[in-house]
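Chemist: Provide a 3D model corresponding to the input given below.
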Amino acid sequence: MKLPIFIADAFTARAFRGNPAAVCLVENKLDEDMHQKIAQEMNLSETAFIRKLNPTDNFTQSSCFGLRWFTPVSEVPLCGHATLASSAVLFHKIKNTNNILTFVTLSGELRARRAEDGIILDFPLYPTYPLDFHEVENLIEMAIGGTMVQDTHYSPDTRNLLVRLCDCYNRSFLETLEVNTENLPKIENSGRVQGLILTLKGEAAGQTPDFDFYSRYFAPWAGVAEDPVTGSTHTILGSYWSQQLGKQEMRAFQCSSRGGELDISLRPNGRIDIKGGAAIVLEGTLTA
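Modeler: Coordinates of the predicted model:
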């Protein structure tokens, strides 16, 4: 078996920044267990598999494909950065002729369209609901110790816990905060929480560059201690911060060591546009 494979750094314009994802082009049916084996071999937070939906489809001219995402340990229902990486591979390396691509996924149909300065993902927008701090106090204390928390929300659609840190902190604090993820699956093993979002309000105008909010994301339940830049969490963050700030368009920065920038726009139809760039850093052939 030979598969074309690429690695693209998503939500960045520069190599070795943003979030790397592997992208495989599947010409023919792939054995089910092979998806997980390849993802484990790649050992990135996500490996994406783009597949043809019909025998007559081709990667250059067709506009609709199947798309699945795997961490090194499991399949996930939604992944933003690997969708962006997949779109970049099709648009920029395979030279797909369409301006809009549709992906059939576990989260329904997702679309990616060309933009002058990146790629825009059309994703669902997931609401968050206030959560009593004491319900998740042990998990939060294990993760960030005595760091002051301003708000806790929960997304039942994605099973992500959103923890807003006190406005007294700044970006530098979030960037350097040591987060203990190793024991989180032991503290929370009910399946209710599958990811932890730490977020912080943007700094006052005049800071350079200006961002409306910052975040970091941790998913040890899925085998990912920290994800460098996470498009899917911004379907939640966009909903939360839009309500907090009274804005429909925002700029976000994910404060991992690699870092990544996202432009967010909430749409009237209850969906969200997430724009970012991608740098393709590797292409080759996977042989198994």
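Chemist: so where is the stretch 1-150 of the chain shaky, pLDDT-wise?
Modeler: Counting by pLDDT under 70, the stretch 1-150 of the chain contains no low-confidence range.
Chemist: residues touching Lys247, list them.
Modeler: Counting by Cβ atoms under 8 Å, 6 or more residues apart in numbering, Lys247 touches 212, 241. Every residue, glycine included, has its C-beta placed from N, CA and C.
Chemist: that's a strand at it, yeah?
Modeler: No: Lys247 sits outside any strand when classified using DSSP: H, G, I helix; E, B strand; the rest coil, being coil.
Chemist: how far away is it from Ile7?
Modeler: 34 Å (Cβ to Cβ, to the nearest Å).
Chemist: Please apply the same query to Lys29.
Modeler: Lys29 is 24 Å from Ile7, by Cβ to Cβ.
Chemist: Between these two, which has more neighbouring residues?
Modeler: Ile7 (20 against 8; other Cβ atoms under 10 Å).
Chemist: Make sure that one is actually in contact with Val281.
Modeler: Yes: checked against Cβ atoms under 8 Å, the pair Ile7 and Val281 is within contact range at 5.5 Å.
Chemist: Could you export stretch 95-103 as CSV, CA atoms only?
Modeler: What follows is stretch 95-103, C-alpha atoms only, in CSV (Å, rounded to 0.1, in the frame of the first residue of the first chain):
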residue,chain,number,x,y,z
LYS,A,95,-4.1,22.3,-7.5
ASN,A,96,-7.8,21.6,-7.0
THR,A,97,-9.7,23.8,-9.4
ASN,A,98,-12.6,24.7,-7.1
ASN,A,99,-12.9,27.8,-4.9
ILE,A,100,-15.0,25.9,-2.3
LEU,A,101,-14.5,22.4,-1.0
THR,A,102,-17.0,20.4,1.0
PHE,A,103,-16.0,17.7,3.4
